[in-house]
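Peer 1: predicted coordinates and the sequence they were generated for:
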Amino acid sequence: QVQLVESGGGLVQAGGSLRLSCAASGRTFSNYAMGWFRQAPGKEREFVAAISWGGGPKNYADSVKGRFTISRDNAKNTMYLQMNSLKPEDTAVYYCAQQKRPYGLGYKSEPEYDYWGQGTQVTVSS
């Protein structure tokens, strides 16, 4: 059974930074593309960023391009999301997810993912 555990969320002022981590276990982490999604209060969950199985091609939502960086350390079975220049509209619960099929690129679509973490809260104050 795959387990994904997010950490690193918290309260930060606008303009600040946070780094989220997602620790994975249960199947060969390095074989699977990973993604970050977020859900703000009263809104649907949305795509944030994704990274291919090998760490090469990356995909970002337009709203975070140039501010967020996704990365992975396959030796540590961990994915990261470095968030800089945070804005109040970045406030949300952030989820990591693992794609269903191995050796894939980082897709934006939720149906491509079959395992999800429990989420970590990020709150950006103005």
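Peer 2: It's in. Numbering: from 1, shown residues only.

Peer 1: OK, contacts around the residue nearest to residue 25 when sequence neighbours are not counted?
Peer 2: Spatial nearest neighbour of residue 25, chain neighbours left out: residue 3 (4.9 Å); criterion: CB to CB, 6 or more residues apart in numbering. C-beta here means a position set from N, CA and C on the backbone, and glycine is covered the same way. Applying CB atoms under 8 Å, 6 or more residues apart in numbering, we find residue 3 in contact with 24-26, 115.

Peer 1: again, but for residue 93
Peer 2: Residue 93 sits next to 38-39, 119-122 when contact means CB under 8 Å, 6+ apart.

Peer 1: can the residues you listed go into TSV with extra columns for neighbour count, secondary structure and pLDDT?
Peer 2: Output for the contacts of residue 93, formatted as TSV (neighbours: other CB atoms under 10 Å; DSSP: H, G, I helix; E, B strand; the rest coil; pLDDT from 0 to 100):
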residue	neighbour count	secondary structure	pLDDT
38	24	strand	98
39	14	strand	98
119	18	coil	98
120	22	strand	98
121	12	strand	98
122	22	strand	98
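
Peer 1: tell me which of these is nearest to residue 87?
Peer 2: Residue 87 lies nearest to residue 122 out of the contacts of residue 93, by CB to CB, at 11.0 Å.

Peer 1: the closest one contacts residue 6, doesn't it?
Peer 2: No: Residue 122 is beyond contact range of residue 6, at 10.0 Å (criterion: CB atoms under 8 Å).

Peer 1: thank you, goodbye.
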